[in-house]
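1. the following block contains a protein sequence and its predicted model.
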Amino acid sequence: MPNREGSSLQQMTLDGVFLKAQGPCTFLRKIALKRVAEFIVCDDQSLSVANKPMFRNCLVAMCPNATKADLPSTHDVTTYIHNKFSEFLDDLNVLKWWSCVNYSRHVVS
């Protein structure tokens with residue numbers, strides 16, 4: 001398409017702007033479990049959604065090389081959430097302890 005000066009303009013391409021994916025995705029069970037647990041907790045979903053056939057089909061569609069054993073079950077998600085919450089409470093107790101120690105240092109000095 002010529003412009004006002006008579007030269008033609010060419011549309012730029014996006015080659016080199018985006019990285020192209022190489023081959024099928026690598027399915028990591030640990031990451032899938034974390035993401036499914038985050039989806040369930042943050043979106044206020046039922047824990048049973050992890051065992052629903054349609055949800056599991058979505059996971060397989062996103063990464064076709066995943067096996068049935070790779071997909072997180074309701075039990076896996078429940079255990080993961082419980083463990084993460086326990087770690088969170090432990091971290092809070094450590095912070096509570098440190099705040100008590102720092103407070104007592106200021107009071108004594």
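-> Cool, got the structure. Residues are numbered from 1 along each chain as shown.

2. against F27, how distant is T78?
-> Distance of T78 to F27, given as C-beta to C-beta, to the nearest Å: 21 Å. Yep, even glycine has a C-beta here, placed from its N, CA and C like the rest.

3. swap in N65?
-> From N65 across to F27, the span is 6 Å (C-beta to C-beta).

4. neighbour count for those two, which is higher?
-> F27 (17 against 11; other C-beta atoms under 10 Å).

5. does that one count as helix, strand or coil?
-> coil (DSSP: H, G, I helix; E, B strand; the rest coil).

6. in this structure, which residue is closest to the centre?
-> Centrality entry for the chain: nearest residue to the mean C-alpha point is R35, 3.8 Å, by C-alpha atoms, centre = their mean.

7. name the helix or strand for that one, please.
-> helix 29-42 (DSSP states H and E).

8. who touches the helix or strand just after that helix?
-> Sequence-wise, the next helix or strand downstream of helix 29-42 (DSSP H and E) is helix 53-62. With C-beta atoms under 8 Å, 6 or more residues apart in numbering as the test, helix 53-62 has contacts from C25, A32, V36, V49, A50, A66, L71.

9. try it again with 7 Å
-> For helix 53-62, contacts defined as C-beta atoms under 7 Å, 6 or more residues apart in numbering pick out A32, V49, A66, L71.
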